[in-house]
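Student: what would the 3D arrangement of this be:
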Amino acid sequence: MPQLPAPDYPADVRARLEADGGQIVARYPDSRSALLPLLHLVQAEEGYVSRTGMAFCADLLKLTTAEVTAVATFYSMYRRRPSGDYQVGVCTNTLCAVMGGDAIFDELKRHLGVGNNETTDDGKVTLEHIECNAACDFAPVVMVNWEFFDNQTPESAKRLVDDLRAGRQVEPTRGAPLCTYQETARILAGFPDERPGAVEATGGAGPASLAGLRLARGETTSGGRVVHPRGAAPQGEPQPGARHLSSHDAPQQTSASDPEHPAGPVSEEGE
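Tutor: Residues are numbered from 1 along each chain as shown. Prediction:
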């Protein structure tokens with residue numbers, strides 16, 4: 001059966017959203033450019049982008065609901081169903097995974113009794129795996145409402161979600177103080193974060209983030225020089241021809257494409 005039209009917001013809610021939406025639209029020379037922040041605005045209202053929210057955006061921008069739906073379903077930052085106050089994302093991409101991200105995600109699923117993109121019964125926590133949190137130097141990383149919790153373990157991650165569910169204050173490793181998912185969505189819509197001290201909070205790069213830069217410059221660390229600047233010979237350089245093993249040196253014979261280290265019988269192509 002065809003789906004019925006989405007119900008409208010109550011009159012007072014629609015009036016408030018129209019006022020806020022008007023401020024957003026006024027920022028752009030082309031009104032349809034306001035669609036992304038408007039979707040954050042309606043997400044701040046309901047905690048997800050509902051059919052009602054998409055219809056509101058379409059009406060305000062003179063777009064079709066199909067055009068709005070195409071955008072809302074493309075970006076993973078927009079939730080399509082009710083979610084928790086705290087979106088807990090566990091990075092399971094390569095580096096975080098091998099550093100323990102997979103173990104954290106599996107342990108949180110068991111601990112919370114939910115699967116991927118599912119919400120706890122109390123409506124507090126929605127758990128999801130994330131492909132990359134762009135914080136590989138602090139792996140494994142967990143994000144709560146887009147704020148970083150670095151260098152996590154299964155035990156620390158369980159304490160984190162327990163504190164969130166109990167209403168205890170938790171502090172991100174860096175960045176602004178934590179707020180609810182709906183409050184975060186309003187900030188992403190472009191409205192100021194009016195919490196005392198939130199704007200002043202910073203998330204500057206830590207020692208792990210800067211290590212590569214220091215290595216590239218050949219700067220000394222507390223343990224002495226760890227790499228020489230380009231073009232300069234470091235002290236203790238191995239003599240020419242000396243064997244230098246690294247993590248890239250396979251412990252056994254490799255592929256047949258390396259004629260000096262064949263992996264097995266090499267035959268002519270086609271044999």
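
Student: for residue 78, give me phi and psi.
Tutor: phi -100, psi 120 (degrees, to the nearest 10).

Student: and for it, the neighbour number?
Tutor: Per other C-beta atoms under 10 Å, the neighbour tally for residue 78 reads 19. Any C-beta I mention is one placed from the backbone N, CA and C, and that applies to glycine too.

Student: for it, give me its contacts.
Tutor: For residue 78, the contacting residues are 39, 40, 43, 48, 49, 72, by C-beta atoms under 8 Å, 6 or more residues apart in numbering.

Student: so it versus residue 7, what's the distance?
Tutor: For residue 78, the distance to residue 7 equals 19 Å [C-beta to C-beta, to the nearest Å].

Student: then residue 158?
Tutor: From residue 158 to residue 7 the distance is 39 Å (C-beta to C-beta).

Student: before we move on, what about residue 157?
Tutor: For residue 157, the distance to residue 7 - C-beta to C-beta - is 38 Å.

Student: what helix or strand is the residue nearest to residue 42 when sequence neighbours are not counted located in?
Tutor: Among residues not flanking residue 42 along the chain, residue 53 sits closest, at 3.1 Å (C-beta to C-beta, 6 or more residues apart in numbering). Residue 53 is part of helix 51-61, with elements assigned from DSSP states H and E.

Student: distance from that helix to the middle of the chain?
Tutor: Centroid separation between helix 51-61 and its chain, computed with C-alpha atoms, centre = their mean, to the nearest Å, is 27 Å.

Student: go through it and flag the buried ones.
Tutor: For helix 51-61, the neighbour count (16 or more other C-beta atoms under 10 Å) marks 51, 52, 53, 54, 55, 56, 57, 58, 60, 61 as buried.

Student: so for it, what's the average pLDDT?
Tutor: Averaged over helix 51-61, pLDDT sits at 94.

Student: and the helices in the protein?
Tutor: Taking DSSP state H to define them, one finds helices in the chain at 11-25, 35-46, 51-61, 65-72, 94-96, 102-112, 154-166, 181-188, 207-217.

Student: ok so, going back, of residue 157 and residue 7, which one has the most company?
Tutor: Remark: of residue 157 and residue 7, residue 157 carries more neighbours, 23 against 10, as counted by other C-beta under 10 Å.

Student: many thanks, we can stop here.
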